[in-house]
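Undergrad: Structure, please.
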Amino acid sequence: MAEYLVAPLEEPGWALEVDDFAEALERRWPGVRIGRGSVEGSTMALEALVPLEPAPRELGVALSGTRQAVSLDPADAESAAEFAQWMGSLLPGRGLHLIEPGSYRTIELTAAISAEEILAALRAGR
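TA: Here you go, the predicted structure:
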């Protein structure tokens, strides 16, 4: 498992609404468990655990306090690619990238990119 980040590369002029983001997560992953500012000492606006198949795998999702970036930890390449594709389709044209902090590799999330293309790009860099 690794950590990934979905964020713009430059300071954006927008921020996600916490309740809207939570509702979008619940529509996409009905079994998601969400906490809004619930972890003491955390600067995150929202933290969630997304259930993955096969169980008991989960994707950790955290919306930053600035509401402009989402960290994925724990995450594997497949779950990061799926989440990143979803975020890119949720927020088209917002300059989002999937960032692999350990390698500083970035993949631009366009409206047309598929999870398979993202995954292939992640694997190509290894």
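
Undergrad: for the chain, what spans make up the helices?
TA: Ranges of helices in the chain, per DSSP state H, are 18-28, 77-90, 115-124.

Undergrad: closest to Leu9 out of those?
TA: Ranking the helices of the chain by proximity to Leu9 (C-beta to C-beta) places helix 77-90 first, at 13.8 Å. (Glycine included, C-beta is placed from N, CA and C.)

Undergrad: Output the contacting helices and strands for that closest one.
TA: strand 2-8, strand 58-63, strand 70-75, strand 96-100, helix 115-124 (3 or more C-beta pairs under 8 Å, 6 or more residues apart in numbering; DSSP states H and E).

Undergrad: Direction included, what does the first one pair against?
TA: Here the strand partners of strand 2-8, with direction, are listed using DSSP bridges: strand 70-75 (antiparallel), strand 96-100 (antiparallel).

Undergrad: So which of those is the most surrounded?
TA: strand 96-100 (a mean of 22; mean count of other C-beta atoms under 10 Å).

Undergrad: how near is the residue lying closest to Leu5 once chain neighbours are set aside to Gly37?
TA: Distances taken as C-beta to C-beta, 6 or more residues apart in numbering put Ile99 closest to Leu5, at 4.3 Å, once the chain neighbours are dropped. To Gly37, Ile99 is 24 Å away according to C-beta to C-beta, to the nearest Å.

Undergrad: same check, this time on Ala84
TA: 24 Å.

Undergrad: Among the two, which residue is more densely surrounded?
TA: Taking other C-beta atoms under 10 Å, Ala84 and Gly37 do not tie; Ala84 has more neighbours (27 against 14).

Undergrad: For this structure, give me the ranges with low pLDDT.
TA: Counting by pLDDT under 70, the ranges of the chain that qualify are 1, 38-41, 126.

Undergrad: Now with 80, please.
TA: 1-2, 37-42, 54-56, 125-126 (pLDDT under 80).

Undergrad: just to revisit the earlier point, closest one to Leu52 among the helices of the chain?
TA: helix 77-90 (5.7 Å).

Undergrad: Of all the residues in the closest one, which ones are buried?
TA: 77-88, 90 (16 or more other C-beta atoms under 10 Å).
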